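Novice: Next come a sequence and a model predicted from it.
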Amino acid sequence: MAEEIQVYYKKQYKMRAIGADGLNTVVSIPPEVIRREAEKRGLTISEFLEQFVAIAQYNNIDGVLYTFKEKE
């Protein structure tokens, strides 16, 4: 799936370890991505953040692919 991405933006973000022994890691999602996803759905950024969750897809690809899904 990641190999299919032809045009992309690339930015570097720090990772922050949180929780006991740093087992949870937090990485920011670029604000342009959140803005774009909200606009595609006709929502404000606040509405998008309230109504959607980020889905991390990994294991059979190199790295992690994030998509968004409406909360159930």
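Specialist: In hand now; what should we look at?

Novice: now what about the lowest-mean-pLDDT helix or strand in the chain, what contacts it?
Specialist: Ranked by mean pLDDT, DSSP states H and E, the helix or strand of the chain with the weakest confidence is strand 24-26, at a mean of 88. With contacts defined as C-beta atoms under 8 Å, 6 or more residues apart in numbering, strand 24-26 is touched by 15-18. Yep, even glycine has a C-beta here, placed from its N, CA and C like the rest.

Novice: how distant is the lengthiest helix in the chain from the center of its chain?
Specialist: Looking across the chain with DSSP state H, the single longest helix is helix 31-40. Distance of helix 31-40 from the chain centroid (C-alpha atoms, centre = their mean, to the nearest Å) equals 11 Å.

Novice: and what of stretch 46-59?
Specialist: 7 Å.

Novice: tell me which residues of it are tucked away?
Specialist: 48, 52 (16 or more other C-beta atoms under 10 Å).

Novice: ok so, going back, which strands and helices sit next to the longest helix of the chain?
Specialist: Applying 3 or more C-beta pairs under 8 Å, 6 or more residues apart in numbering; DSSP states H and E, one finds that helix 31-40 contacts helix 45-51.

Novice: What is the helix it packs on packed up against?
Specialist: Applying 3+ C-beta pairs under 8 Å, 6+ apart, one finds that helix 45-51 contacts helix 31-40.
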